[in-house]
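[1] Kindly return the folded structure for what I paste below:
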Amino acid sequence: MSVAVAADPTPAAPVAKVEVKAKVDDYDPRRDDTAAKSVITQQEILRYGDTNIYDVLKRAPGVTVTGSTIRMRGLGSGYTQILVDGARPPPGFSMDALAPDQIERIEIIRAASAEYSTQAIAGTVNIVLKKASSKFQRDLRLSSSRSTERRNAFVNATRADRSGDVSWVLNGAFQHNSQDVPGSQTDRFQTPDSTVVQLRDSESKSAGDNSTASIQPRLNWKVAADEQLNVSANIQAQRGNNLYQSRNDNLIGTFPAPDFIQGHSRNDFSGVFGSMEINWITKLWGGKLDAKLNASDGHFDSVIDVISATVDDALQLRRFRDGHTRFPSVGSSGKYTRSVLDGHALTMGWQYSHDETKDTVKRIEGYIGEMPDHINEYFNPVLSRRAAFIQDEWNLTANWSAYLGVRDEEIRTTSKGTGLSQFASSSRVLSPIAHTLYKFPDQSGRQFRLALTRTFKAPQTSQLSARRWDADVNTRFTPDSSGNPALKPELANGVDLTYEHFWTRGAVFSLGTSIRKLSNYIRSTLSQDAQGRWLVQPVNDGNAVVRTLDMDAKFPLKAVLSGTHIPNVDLRFNVNRNWSKVDSVPGPDNRIDDQIPWSATIGADYKADRMTMGFNFALRGGGGVRISEEQSRRLQARRDLDAYVQYTIRKGFDVKISVANALGVDTRKYSRYQNADGVSESWSRTPSSLAVRLNAGIQF
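    Got it, this is the predicted structure:
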């Protein structure tokens, strides 16, 4: 028996579409990470049209740049750690060839964490490169800058796309630099009764060209929902030359024979560097494994021809050097992360690298007209790093989080070479680290941070090698140099305390202080050897202490003013005050490593529909630095003003005009050496004028 059911003639009601959005605050590592770091975004990196990483970092809070030395807490020369994608760049890698367009972000880490090397007494700057893109991209950026002394042309192109589970990005850059830089120097020696017995003026000129090209392919393959493979490579090539001329004018007295009053040198150089990294990320045992394997190699060739001459070319000394250097390197790193117990984020990992330098040199030295010496040299330093770490981060309460970590790091150095005894050096540092973050429960955005760290500064390979470098003209200010195989690493116990206030979106104020107590402090000593030649060597010499006070503020103008017609202006201001004291050096001004006593920046950016403009004014303090009882120098105070205007002609096409060193501040140096014989002083000046940059970006 069947029963027929009549269809319902009433039309079905349409199904309502319901969209649920979770309202959560955007993640901010500076605000939310227990081990804090400040992040400079790609937009901030590209804002001023810079063509190298050093110009970008001049505007980073808490960072000062002098030439190619990057400093935190006013300290450079190994105290500040520079990383690329979380690892130390291998030998042969050129930071000058790293285009800002290739950088995704820059992390400024003031207190160490176990994940990165703790060879970071002053702090860490981590440069994170762009990864493979998940969207189509085709960009071209052209830039040109010019000042009286220097000229630059820069091209950067990016191509990215995605096909199924595979995405890729290809970035290429080319840069050409030329310079024509004059310089001047005055040397004076006076006896204890203030009688000037030697006075000499020197004029110099450095001119040259160099070109660099680089290409960075990156590929991402999502093998499965919880597994991916990343492959990246970096190829850099450079070629250039530099001509240097100098002439001395002896105004009072005579100088040790042979007194070379004029010099001429030419340096032709070229190099190629290549690296590859394979990164595998997968779910494993309820956690995530992130493992990397990398290898690199490079070579650098340099031919240097130097001729020094006495008055009327009566005596001419020629030094010819043909050098070839290779930089093979291999390494591996990784970390395993998983949640354990109740809200603990446990991470453990490893790091290993093996870097080798193979330096072959052919030298010809002697007076023109006589039989020269032919010298063949070979140097082979090897540096191995091994590290393992474990760290745990968890929330003690809803407003209080903690971080505990420990890192065991070992550095081994061996070296052999012509005329040198083979030596080996090994240092091992166990670094416990603790961070805590407390957020006030009133949702005001106020919070406190405390960090306890143990960090170190390992001697550089050149400081450990007994290889001696002879100066053409040996004086107190241009001495020979040699290493010290007995050097030990500097150790530092540190405390950081920071107050932060995130009072609205994009607005932050922070005030921090820190102290570092150092042992086995490494300083350079200047003395005369048995032949009477001046020689500078590093030694471990007692203890030192570093103290800092930092203030940083960044906020939109609308965060402090009310009204409907407040302009769209972002403001920023930071100031850093640094102190240090070396126990073994008498005061005053017995600071560490030419430490910059204070620095400050103030900047603003205005945004309209199609136009953005802004400026950055950076100040850096100077003053005397006591290196030893006899030796001192003066750091230059600087004022640097940069500004830019960017206009978007249409979507995907913008033009930018910027100026750097708008105040045209020259570079000046002063050195002094005083003993029972009298006082030697040296002043130098290198001119530096305003630079104008034109930058155009196109998206196809």
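
[2] Helices of the protein, residue ranges please.
    Using DSSP state H, the helices assigned to the chain run over residues 29-32, 42-45, 53-57, 461-464.

[3] Which one of those lies nearest to Thr357?
    Using CB to CB as the criterion, the shortest distance between Thr357 and these is 7.5 Å, found for helix 461-464. Where you see a C-beta, it was placed from the backbone N, CA and C, and this is true even at glycine.

[4] what about the closest one, distance to the chain center?
    The chain centre lies 20 Å from the centre of helix 461-464; the measure is CA atoms, centre = their mean, to the nearest Å.

[5] which residues touch it?
    357, 381, 383, 413, 415, 423, 425, 483-485, 487, 522, 538 (CB atoms under 8 Å, 6 or more residues apart in numbering).

[6] want to throw those into a markdown table with neighbour count, distance to Pro556 and pLDDT?
    Below are the contacts of helix 461-464 laid out as a markdown table (neighbours: other CB atoms under 10 Å; distance: CB to CB, whole Å; pLDDT from 0 to 100):
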| residue | neighbour count | distance to Pro556 | pLDDT |
| --- | --- | --- | --- |
| Thr357 | 19 | 49 | 92 |
| Pro381 | 22 | 51 | 90 |
| Leu383 | 22 | 47 | 92 |
| Thr413 | 24 | 50 | 91 |
| Ser415 | 24 | 54 | 87 |
| Phe423 | 17 | 57 | 83 |
| Ser425 | 21 | 52 | 87 |
| Gly483 | 22 | 52 | 87 |
| Asn484 | 16 | 53 | 88 |
| Pro485 | 16 | 55 | 85 |
| Leu487 | 21 | 49 | 89 |
| Ile522 | 24 | 45 | 92 |
| Pro538 | 20 | 48 | 92 |
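
[7] Could you give the number of residues near Phe700?
    Phe700 has 10 neighbours, counted by other CB atoms under 10 Å.

[8] so what pLDDT did it get?
    The predicted local distance difference test score for Phe700 is 87.

[9] wait, what's in contact with Asp496?
    In this structure, Asp496 makes contact with Arg110, Ala111, Arg449, Leu450, Ala451, Thr453, Gly512, Thr513, Ser514, judged by CB under 8 Å, 6+ apart.

[10] With Thr601 instead?
    Thr601 sits next to Arg59, Pro61, Arg572, Phe573, Asn574, Asn616, Phe617, Ala618, Leu619 when contact means CB under 8 Å, 6+ apart.

[11] ditto for Pro100
    Applying CB under 8 Å, 6+ apart, we find Pro100 in contact with Ile45, Leu46, Asp50, Thr51, Asn52, Ile53, Val56.

[12] By neighbours, which of those wins?
    Neighbour counts for the contacts of Pro100, by other CB under 10 Å, peak at Asp50, which reaches 26 neighbours.

[13] Quick check: the gap between that residue and Gly76.
    With the distance defined as CB to CB, to the nearest Å, Asp50 ends up 20 Å from Gly76.

[14] So Asn376 sits against Val361, correct?
    Yes - Asn376 is within contact range of Val361, at 7.4 Å (criterion: CB atoms under 8 Å).

[15] Give me the more crowded residue out of the two.
    For the pair Asn376 and Val361, the greater number of neighbours falls to Val361 (17 against 9), based on other CB under 10 Å.

[16] Let's see the pLDDT reported for that one.
    Model confidence at Val361, expressed as pLDDT, equals 95.

[17] List the residues that contact the residue lying closest to Ser329 once chain neighbours are set aside.
    Excluding its sequence neighbours, the residue lying closest to Ser329 (CB to CB, 6 or more residues apart in numbering) is Pro90, at 4.0 Å. The neighbourhood of Pro90, defined by CB under 8 Å, 6+ apart, consists of Ser275, Asn294, Ser296, Phe327, Ser329, Gly331, Ser353, Asp355.

[18] try 6 Å this time
    By CB atoms under 6 Å, 6 or more residues apart in numbering, the residues touching Pro90 are Ser296, Ser329, Asp355.

[19] So which of those residues belong to strands?
    Among the contacts of Pro90, DSSP state E puts Ser296, Ser329, Asp355 in strands.

[20] Columns distance to Pro217 on top of those residues, output as a markdown table?
    Written out in a markdown table, the entries for those read as follows (distance: CB to CB, whole Å):
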| residue | distance to Pro217 |
| --- | --- |
| Ser296 | 15 |
| Ser329 | 19 |
| Asp355 | 23 |
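
[21] show me where pLDDT drops low in the stretch 51-200 of the chain?
    134 (pLDDT under 70).

[22] and if you look at the stretch 601-700 of the chain?
    Counting by pLDDT under 70, not a single residue of the stretch 601-700 of the chain qualifies.

[23] How about Thr282: what's its closest non-neighbour residue?
    Thr282 sits nearest to Glu227 (CB to CB, 6+ apart), 4.3 Å away.

[24] what pairs with that neighbour across the strands?
    Ala224, Thr282 (DSSP bridges).

[25] Now do the same for it: its pLDDT.
    Looking at Glu227, its pLDDT stands at 93.

[26] list the buried ones in stretch 529-536?
    Within stretch 529-536, the residues that count as buried by 16 or more other CB atoms under 10 Å are Trp534, Leu535, Val536.

[27] can these go into JSON lines with extra columns for distance to Arg159 and pLDDT?
    Supplementary listing: these in JSON lines, determined by distance: CB to CB, whole Å; pLDDT from 0 to 100:
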{"residue": "Trp534", "distance to Arg159": "54", "pLDDT": "90"}
{"residue": "Leu535", "distance to Arg159": "53", "pLDDT": "92"}
{"residue": "Val536", "distance to Arg159": "49", "pLDDT": "91"}
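
[28] Which of the contacts of Asp496 are buried, as a ChimeraX select command?
    In ChimeraX syntax, the buried subset of those is picked out as below (16+ other CB under 10 Å):
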select :110,111,449,451,453,512,514
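
[29] For the contacts of Asp496, give me JSON lines that also has distance to Arg200.
    Shown next, in JSON lines, are the contacts of Asp496 (distance: CB to CB, whole Å):
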{"residue": "Arg110", "distance to Arg200": "45"}
{"residue": "Ala111", "distance to Arg200": "48"}
{"residue": "Arg449", "distance to Arg200": "54"}
{"residue": "Leu450", "distance to Arg200": "55"}
{"residue": "Ala451", "distance to Arg200": "51"}
{"residue": "Thr453", "distance to Arg200": "48"}
{"residue": "Gly512", "distance to Arg200": "47"}
{"residue": "Thr513", "distance to Arg200": "46"}
{"residue": "Ser514", "distance to Arg200": "44"}
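
[30] The contacts of Asp496 in strands, which ones?
    Arg449, Leu450, Ala451, Thr453, Gly512, Thr513, Ser514.

[31] Spatially, and excluding backbone neighbours, which residue is closest to Lys581.
    Spatially, and ignoring its direct neighbours in sequence, Lys581 is nearest to Val545 (5.4 Å; CB to CB, 6+ apart).

[32] Distance of the one you found relative to Ile592?
    9 Å.

[33] what's the answer for Trp503, then?
    Summarising the geometry, the distance separating Trp503 from Ile592, computed by CB to CB, is 36 Å.

[34] Looking at those two, which is more packed in?
    Higher neighbour count among Trp503 and Ile592: Ile592, with 28 against 13, using other CB under 10 Å.

[35] which residues touch the more buried one?
    Counting by CB under 6 Å, 6+ apart, Ile592 touches Ala544, Ser580.

[36] Next, give phi and psi for it.
    Its backbone dihedrals place Ile592 at phi -80, psi 140, with angles given as degrees, to the nearest 10.

[37] Bridging across strands, which residues link to Val429?
    Here Val429 sits in beta bridges with Glu409, going by DSSP bridges.
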